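>>> Quick check, what structure comes out for this input:
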Amino acid sequence: MSVTGGYLSEIVANGLLGSGSKFVFGLPGGGNNLDVVGAAESVGLEFILAHGETSAAIMASTFAEISGNPCACLVTRGPGAASAVNGLAQAALDRQPLILLTDTVSSSDWARISHQRIDQRELLHTVAKWSAVLGSSNPENTMASALATAIQPRPGPVHLDLDPSANGVALPPEVPPGAVDEPAMAALIKRSRFPLIVVGLGALGQTEAIRGLVAGSTLPVLETYKARGTIPTSSLNNGGLFTGATAEMAIFEQADLIVAIGLDTVELIPNKWQVQAPVLSLNSWPEDSPYWQPELQYVGPIDQAVNFLGQHLVSDWGPDTASNRRQYFEDALIEVSTSSLATDALAPGDVVLATRKIAPTGSIATVDAGAHMLVAMPLWAVEQPNEIHISSGLATMGYSLPAAVATALANPGRRTFCFIGDGGLGMCVAELETLVRLNLPVTVVVFNDSSLSLIKAKQKPVGHGGSTAVSYLDVDFAVIAKGFGMSGVKAATLTELKKALTNSLVGEGPYLVDVATDPSCYLDVMRILRG
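Numbering: from 1, shown residues only. Sure thing, here's the model as predicted:
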């Protein structure tokens, strides 16, 4: 059957609409890229133009994570597809259902055209769950399979080359459903009196079941970065963060069973698994990493397994075990990452705590990779899921600004606070214009110390490039923000910071605060959190 680019675009648009999508993000070229934009808008999807393909992919994958539905990123062939790789990798390692749509040199012209011709499927399949051609052979089936594959456990990105002249490809296999091995789980649980629950990104969407499991109990719950908000920070059950670091192991040594709900080892730092207690792993996809060896691994609907746990788990933990553990780390971080009351010098903890205090209830934070994340993630209190976002599995810089675009679009009426370092903002600074064009309620808070502070903290005293490897010139991001048409101010003292943050709430649009930050605490922060 012969098809046209317009017909394929209609299939794409209708498929995305039917899957619950609201936006298409991207940076189009010519050809069927524009057909897709037109088809999307004709069915009621809004196209969001970005400045870079990686940023567009991060916007789409973050929106997909929040909504639970696939979301598309549209890029052109050749340089567009190549530039999208980092965004695709971000979606892969954070398990986000992204659909990457690429124009391509058609198969009928492959021998004739070498300009911008690269094997995009060969390039992208290493970071995509499935890379296929949406072509002349049953394109409706291919699109439906792409959408289904993206959200099936383990969720992740799917790439489609749009080529009306090409035949289709074999469809991916379906994932068989799992079942609860009740006798084995019951036997393991029966031996436990001090079970410790660790919640990971696979538990997104299971908040109600997990909160029901621990309600009225003394069960301590630790959350990974991506799972924050599953248990409110204010809950006595909330024991703080789990990243796999040595410094976190004290409470694990007291546990006689680790119940890992949705824990994916992609979230953890590359330490050895040091826990002696048996692990019961509950997830909707298998964990195939050699990082740990669970005593029992259940793969299937998490809510079913959690409901079964609720019938059998017994806790002899003290009522304050979890909250004391969380408070211990928070107090230690605050002690080393905030300034003395006698000075106005701005340390990273000052920035986070002042922002959290001024931010309205229900505000959202996006956090970029870098040393500031070690302070922002534990000190930003959240009460609900999706109130804080970070690139965890890939930990890519340049994430939090495009992610803030997505969170603002997904949460009308709520302000997003984008925490980003000077290095990360330099990678995606043009997306400030996207904030202005869309008039989004985002306050960009720049930790500006003119260096790659996390890498600097890891440098040895001698060698490894010295300052030339980690230092930048002092950049005035407030001036740059004004150049893009948004309000931008510099803050060098706590008083200036609080005033700027308060002013950012006056209007509905974006605002940037360029904060002169003292990075000297980061070694102490790493010692407290990672040992």
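
>>> what comes up buried for the strand or helix carrying K482?
Under the criterion of DSSP states H and E, K482 resides in helix 477-483. If you call a residue buried by 16 or more other C-beta atoms under 10 Å, then helix 477-483 has these buried ones: F477, A478, I480, A481. Backbone N, C-alpha and C define where each C-beta goes, glycine included.

>>> Of those, which is the nearest to R414?
A481 (21.3 Å; C-beta to C-beta).

>>> ok, that closest one - contacts?
For A481, the contacting residues are L432, V444, S487, G488, L512, D514, by C-beta atoms under 8 Å, 6 or more residues apart in numbering.

>>> Please narrow these to those residing in strands.
V444, S487, G488, L512, D514 (DSSP state E).

>>> between those, which is nearest C428?
When the ones in strands among the contacts of A481 are compared against C428 (criterion: C-beta to C-beta), the nearest one is V444, at 10.7 Å.

>>> The closest one pairs with what?
Under DSSP bridges, the beta-bridge partners of V444 are C418, L512.

>>> so what's it up against?
V444 is in contact with L401, A404, C418, I420, L425, L432, L435, A481, P510, Y511, L512, V513, counting by C-beta under 8 Å, 6+ apart.

>>> In terms of helices and strands, where is the fifth one?
When secondary structure is defined by DSSP H and E, L425 falls within helix 422-428.

>>> and that helix, what's its mean pLDDT?
Averaged across helix 422-428, pLDDT comes to 94.

>>> What's the per-residue pLDDT of C418 here?
On the pLDDT scale, C418 is placed at 98.

>>> tell me the contacts of it?
Taking C-beta under 8 Å, 6+ apart, one finds A365, T366, D368, S400, L401, A403, A404, V442, T443, V444, V445 in contact with C418.

>>> Give me the neighbour count for G318.
By other C-beta atoms under 10 Å, the residues close to G318 number 10.

>>> Please disregard the earlier target; I meant N439.
By other C-beta under 10 Å, the residues close to N439 number 13.

>>> residues contacting the closest residue to it other than its chain neighbours?
Leaving aside its sequence neighbours, N439 sits nearest to G509 (C-beta to C-beta, 6 or more residues apart in numbering; 4.6 Å). Counting by C-beta under 8 Å, 6+ apart, G509 touches L435, V436, N439, L440, P441, M486, S487.

>>> Mind putting the contacts of C418 into TSV with distance to L188?
TSV is the format used below for those (distance: C-beta to C-beta, whole Å):
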residue	distance to L188
A365	37
T366	38
D368	40
S400	40
L401	44
A403	38
A404	42
V442	46
T443	47
V444	47
V445	45
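
>>> Pull out the buried residues from the residues you listed.
Using 16+ other C-beta under 10 Å, the buried members of the contacts of C418 are A365, T366, D368, S400, L401, A403, A404, V442, T443, V444, V445.

>>> Can you list which of the residues you listed are found in helices?
Judged by DSSP state H, helices contain the following of the buried ones among the contacts of C418: S400, L401, A403, A404.

>>> Looking at the residues you listed, which is nearest L147?
The closest of those, once distances to L147 are taken by C-beta to C-beta, is A403, at 22.2 Å.

>>> Surely the closest one and A56 touch.
No - the pair A403 / A56 is not scored as a contact, 11.8 Å apart, by C-beta atoms under 8 Å.

>>> and of the buried ones among the contacts of C418, the nearest to T4?
Proximity of the buried ones among the contacts of C418 to T4 (C-beta to C-beta) peaks at A403, which lies at 35.6 Å.

>>> who are the neighbours in contact with the closest one?
A403 is in contact with I58, M59, T62, T366, H389, S391, C418, counting by C-beta under 8 Å, 6+ apart.

>>> repeat that with 7 Å
I58, T62, T366, H389 (C-beta atoms under 7 Å, 6 or more residues apart in numbering).

>>> okay, how far is it across stretch 125-142, tip to tip?
Distance between the two ends of stretch 125-142: 16 Å, counting by C-alpha to C-alpha, to the nearest Å.

>>> How about stretch 229-239?
End-to-end distance for stretch 229-239, by C-alpha to C-alpha: 12 Å.

>>> what is the mean pLDDT for it?
Rounded mean pLDDT across stretch 229-239 is 97.

>>> next one: stretch 373-386
96.

>>> Enumerate the positions of that stretch that are buried.
Going by 16+ other C-beta under 10 Å, stretch 373-386 has these buried residues: M373, L374, V375, A376, M377, P378, L379, W380, A381, V382, P385, N386.

>>> cool, and stretch 56-73?
Buried residues in stretch 56-73, counting neighbours by 16+ other C-beta under 10 Å, are found at 56-67, 69-73.

>>> contacting residues around N448?
Contacts for N448 (C-beta under 7 Å, 6+ apart) come out as D422, F477, D514, V515, A516, T517.

>>> Pull up the gap between it and T233, please.
From N448 across to T233, the span is 27 Å (C-beta to C-beta, to the nearest Å).

>>> what's the answer for A371, then?
From A371 to T233 the distance is 22 Å (C-beta to C-beta).

>>> The two: which is more packed in?
A371 (26 against 19).

>>> Please report phi then psi for A255.
Dihedral angles of A255 (phi, psi; degrees, to the nearest 10) stand at phi -80, psi 150.

>>> Distance of it relative to T321?
Noted for A255: a distance of 10 Å to T321, by C-beta to C-beta.

>>> for the stretch 101-250 of the chain, what are the low-confidence residue spans?
105-117, 168-180 (pLDDT under 70).

>>> can you map out the strands along it?
Secondary structure of the stretch 101-250 of the chain by DSSP state E, counting those that start in this stretch: the strands cover 130-134, 158-162, 195-199, 221-223, 238-241.

>>> Return the set of buried residues in the shortest one.
The neighbour-count check on strand 221-223 (16+ other C-beta under 10 Å) flags V221, L222, E223 as buried.
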